[in-house]
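1. Provided below are the primary sequence and the corresponding predicted coordinates.
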Amino acid sequence: MKSVSLIGNNLNVSENIMHTGHFKLENEKINVGLVEEDDFSLSDSNDPDNRVLVKKKGISCNYRDKTLILNYDKQLNILGEKGEVAFSYIGSEFVGEVIDIGKNVKSLKIGDRVVANATYPSYSDDYIGGLPSNHASRRIDDFKENKLIKIPDVLSDEIASAFVVGAFTAYSMIRKVVKPNAKILVTAAKSNTSLAVISALRNFPVEVYAMTSSSDNCDILYENGVKKIFVVNHELDNYLDDKDIFEFVKEKGLFDAVIDPLFDIHLGKVIKLMNNDAKYVTCGLYNQFPTFLDTKFNQKNSFEDVIKLAMIKNISIIGNCIGLKEDFDLALEHFIDGKFSILIDKVFTEGQEKEFFDLTYSFKERLGKVVYLYND
């Protein structure tokens, strides 16, 4: 069965590796394609009685996968130079169908549709927290029962392929900082994480404001309840030097909470826009890999400056990694009620591997997640 894979530079090392194109990532040429393998079965597992065999129906990648792609590609090319078979699966999220279960599996049955249980952190000795795989594109794979969540039919393959990380993360961050009637500022508003946050915030009695570096495609933010969008220049030493922000703060006051997916871009400056006793939560950083291009932002505020201001104003700075199962459950409940969704930019299928990765990582005008669906 064919699996989407990264492929090393030695493209002709095996007739089972089908190169379908390449894309550029941080000036690196990344080869991609499909790899044909014998079907994996539960008997191949190291614990067949307690495992669940899943056939993937769709996948998507996240910003975290960018670093993994660069690392895997480097390793693949080292192997390829030695003449070895060199390919790697990739991806954080998937939707799949259960095709076999071990005799001790109780909560799932053959035919169930499932996504990853990414609950983090873990509060159980029997559960390992976080995403169950960095290789979501592997067509057939086995998982521990508690690392999968059964989903209803109303969640289509297209949406389910891209639902997990956004749902867990958005609702976890909201839970940590939101209170009734608060003024919430969401940074990097057109990033996948922030789009999920903004969609989710419709379900809470708050005022939502957004910050972005581009005036393009802002209509979707207003449609999801954003009251005002600040288009900012990140090169400013102080966001209060932005006329719109200055006038807003003068009239409406400072923000009660900031939800920020990229602290290394925003924290040093947005903290100056925050009220006494405000809360700031972040789930990531932009500069995740030493060779990333265009990652030097004008952050003149030192760690000492940030902590001083946080102390003076009693601001809470909160880190967030994924979320709890309860966060996912609430996201799914809101989705079923038509009150939350994950925005999808485009869906690709077999033979369009290059286009899938290209749009995921190379086009700033992309708005929403990019999904890849297998043909059968």
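-> Cool, the structure landed. The model shown is predicted, which means the values in this text are computed figures rather than measured ones.

2. tell me the secondary structure for residue 54?
-> Taking DSSP: H, G, I helix; E, B strand; the rest coil as the rule, one finds residue 54 in the strand state.

3. tell me how far the nearest residue to it once chain neighbours are set aside lies from residue 260.
-> In space, and not counting its chain neighbours, residue 54 is closest to residue 96: 4.0 Å by CB to CB, 6 or more residues apart in numbering. For glycine as for every other residue, the C-beta is placed from the backbone atoms N, C-alpha and C. Distance, residue 96 to residue 260, using CB to CB, to the nearest Å: 32 Å.

4. still on that earlier bit, now the helix or strand harbouring the residue nearest to residue 54, how far from the chain's geometric center?
-> Using DSSP states H and E, residue 96 maps to strand 93-101. Offset of strand 93-101 from its chain centre (CA atoms, centre = their mean, to the nearest Å): 20 Å.

5. next helix or strand past it?
-> Assignment by DSSP H and E places the next element after strand 93-101 at strand 113-116.

6. other residues contacting that next one?
-> Outside strand 113-116, the residues that touch it by CB atoms under 8 Å, 6 or more residues apart in numbering are 52, 54, 57, 93-98, 108, 131-133, 136, 143, 147-151, 153, 155, 157, 160, 163-164.

7. assign a three-state SS to residue 208, would you?
-> Look at residue 208: counting by three-state DSSP, its state is strand.

8. pretty sure it is touching residue 178, no?
-> No: judged on CB atoms under 8 Å, residue 208 makes no contact with residue 178 at a distance of 10.0 Å.

9. pick out whichever of those two has more residues nearby.
-> Between residue 208 and residue 178, counted using other CB atoms under 10 Å, the more crowded position is residue 208 (23 against 20).

10. and that one, bridged to which residues?
-> residue 184, residue 226 (DSSP bridges).

11. ok, residue 1 - contacts?
-> Neighbouring residues of residue 1 by CB under 8 Å, 6+ apart: 36-37, 39, 139-140.

12. who's residue 316 bridged to?
-> Beta bridges link residue 316 to residue 279, judged by DSSP bridges.

13. just the pLDDT at it, thanks.
-> Reported pLDDT at residue 316 in the predicted model: 98.

14. what's the answer for residue 229, then?
-> At residue 229, pLDDT is 98.

15. any shared contact partners between residue 208 and residue 178?
-> Counting by CB under 8 Å, 6+ apart, the residues touching both residue 208 and residue 178 are 184, 201.
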